[in-house]
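Novice: Got a sequence here, can you model it:
(one chain, ligands or ions: 1)
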Amino acid sequence: MSSNKQKTVLVAGGAGYIGTHTTVELIEAGYEVVIADNLSNADLSAVRGVEQIVGRSVPFVEVDCCDTEALRSRVFERYAFDSVIHFAAYKAVGESVAEPLKYFRNNLDSLLSVLSLMQEFDVHNLVFSSSATVYGQPEQLPATELTPRQRANSPYGLTKQMSEDIIQDTVAAIPFLRAIALRYFNPIGAHPSALIGELPKGVPNNLVPFITQTAAGVRKELAVFGDDYDTPDGSCLRDYIDVVDLARAHVVAVGRMVAATAEKREDRERYEIFNIGTGTPVSVLELVHRFEEVNGVSVPHRLAERRPGDVEKIWAATDKANNELGWRAERNLGDTLRAAWAWEKRVRGL
Ligand code: UD1
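Specialist: Okay, here's the model as predicted:
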């Protein structure tokens with residue numbers, strides 16, 4: 001194998017929000033990337049945005065990762081990978097409550113398909129996109145990687161917990177396999193070029209796309225879900241992580257496993273978990289006000305009922321990611337919110 005081939009990364013679900021940003025960071029770090037995506041919640045224009053940023057074409061295969069046969073013949077038989085980053089999953093919490101089987105089928109099948117092909121083709125390293133949702137409402141904050149997981153409050157959250165467990169058991173059974181699960185806190189923002197960003201279909205479920213669409217006049221007003229939580233201003237506390245910082249965490253995770261495999265590091269656990277957040281809690285109201293302040297736009301909002309299923313407060317302990325992974329969040333919240341607004345304006349032609 002050529003050295004380039006040894007560094008080829010399959011980004012499954014790579015046309016989505018976090019996948020596109022990660023692809024850019026991988027290519028800028030010198031990796032070859034192949035994107036596989038069924039475009040069920042993404043658009044080919046996102047891949048074009050990636051290509052514009054990196055200044056060259058990026059191999060893209062339109063394929064459903066649940067379709068093991070197609071993934072084998074059109075992706076694994078055509079390229080030699082040593083790492084896979086697995087993003088291909090549904091992510092709407094509310095929809096998962098209404099259609100649990102759709103979530104179990106898709107999110108677990110796509111993972112099983114990727115894992116079985118990694119075994120078959122001797123692909124060594126997996127990064128999995130997990131979520132802070134696996135913690136539920138922790139009793140102690142910040143949440144560390146050792147904070148006990150709680151029963152998931154949605155089928156979506158359950159697929160993240162189950163996926164982590166499936167990966168752990170599979171790694172235990174296959175000696176050449178290594179995996180890192182990254183537990184994302186709340187990813188927000190966009191690439192500073194404004195060429196890629198979050199493109200929710202329909203009414204956004206997540207806070208920042210709702211804020212940017214409200215500022216753009218697409219939505220009349222933002223409902224702030226809950227003003228009577230046990231927090232300084234009564235709204236929920238979250239840990240908002242810039243998507244470019246988050247993307248870099250995947251690059252570092254791949255590099256860690258590639259090095260561990262090359263150096264035959266038997267002292268290191270082959271399955272590891274890292275929180276990816278800033279470590280700083282920010283309230284919903286603070287975030288809205290900061291967005292208005294840094295962008296000089298107003299975001300009409302009203303206080304509303306709590307949203308069922310929301311946790312009151314959660315933020316990350318980042319020591320493990322800082323010290324062992326050698327990664328930390330670098331972008332400040334103001335820049336992140338400016339990038340989110342620049343992206344929305346570009347999408348809307350404002
Ligand atoms: C949710 C999911 C998380 C998932 C993440 C993806 C749960 C409980 N949450 O996180 O698993 O990984 O999305 O980004 O599984 N808010 C408003 N008004 C709005 C929208 C949101 O006030 O219109 C508030 C929410 O109440 C919450 C905060 O903003 O306090 C963040 O909400 P959101 O962006 O939806 O993320 P989470 O619910 O934290």
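
Novice: how about stretch 85-102, does it get close to the ligand?
Specialist: Yes: counting by Cβ under 6 Å from any ligand atom, the ligand has neighbours in stretch 85-102: Lys91, Val93. C-betas here are computed from N, CA, C, even on glycine.

Novice: For that stretch, buried residues please.
Specialist: Ile85, His86, Phe87, Ala88, Ala89, Tyr90, Lys91, Ala92, Val93, Glu95, Ser96 (16 or more other Cβ atoms under 10 Å).

Novice: Next, count neighbours for the residue lying closest to the third one once chain neighbours are set aside.
Specialist: Counting by Cβ to Cβ, 6 or more residues apart in numbering, the nearest residue to Phe87 once its immediate chain neighbours are dropped is Gly13, at 3.3 Å. Close neighbours of Gly13, defined as other Cβ atoms under 10 Å, add up to 27.

Novice: One more: Asp335?
Specialist: Asp335: 15 neighbours (other Cβ under 10 Å).

Novice: Mind listing what's buried along the helix or strand hosting it?
Specialist: Assigned by DSSP states H and E, Asp335 falls within helix 333-348. Neighbour counts over helix 333-348 (16+ other Cβ under 10 Å) mark 333, 336-347 as buried.

Novice: How about stretch 164-171?
Specialist: Glu164, Ile166, Ile167, Thr170, Val171.

Novice: and the nearest residue to Glu221 once chain neighbours are set aside, how many neighbours does it have?
Specialist: Computed as Cβ to Cβ, 6+ apart, the closest residue to Glu221 that is not its neighbour in sequence is Pro300, at 4.2 Å. Residues lying near Pro300 (other Cβ under 10 Å) number 12.

Novice: Could you pull up the residues touching Pro300?
Specialist: Thr214, Lys220, Glu221, Leu222 (Cβ atoms under 8 Å, 6 or more residues apart in numbering).

Novice: Now it. Its backbone dihedrals?
Specialist: When read as degrees, to the nearest 10, the backbone of Pro300 gives phi -60, psi 130.

Novice: okay, it: pLDDT?
Specialist: Reported pLDDT at Pro300 in the predicted model: 98.

Novice: Can you get me a residue count around the residue of the stretch 51-200 of the chain found nearest the ligand?
Specialist: Closest to the ligand within the stretch 51-200 of the chain is Thr133: 3.1 Å, counting by Cβ to the nearest ligand atom. Number of residues near Thr133 (other Cβ under 10 Å) recorded here: 25.

Novice: part of a helix, is it?
Specialist: Yes: Thr133 sits within a helix when classified using DSSP: H, G, I helix; E, B strand; the rest coil.

Novice: What pLDDT is listed against it?
Specialist: 97.

Novice: ok, now Asp169?
Specialist: Looking at Asp169, its pLDDT reads 98.

Novice: Same check on Leu237?
Specialist: Per-residue confidence (pLDDT) for Leu237: 98.

Novice: That one against Ser283, yeah?
Specialist: Yes: assessed by Cβ atoms under 8 Å, Leu237 is found in contact with Ser283 at 5.5 Å.

Novice: where do the helices sit along this structure?
Specialist: Using DSSP state H, the helices of the chain run over residues 3-6, 17-28, 44-54, 68-71, 93-98, 100-120, 155-173, 207-215, 243-262, 284-295, 319-320, 333-348.
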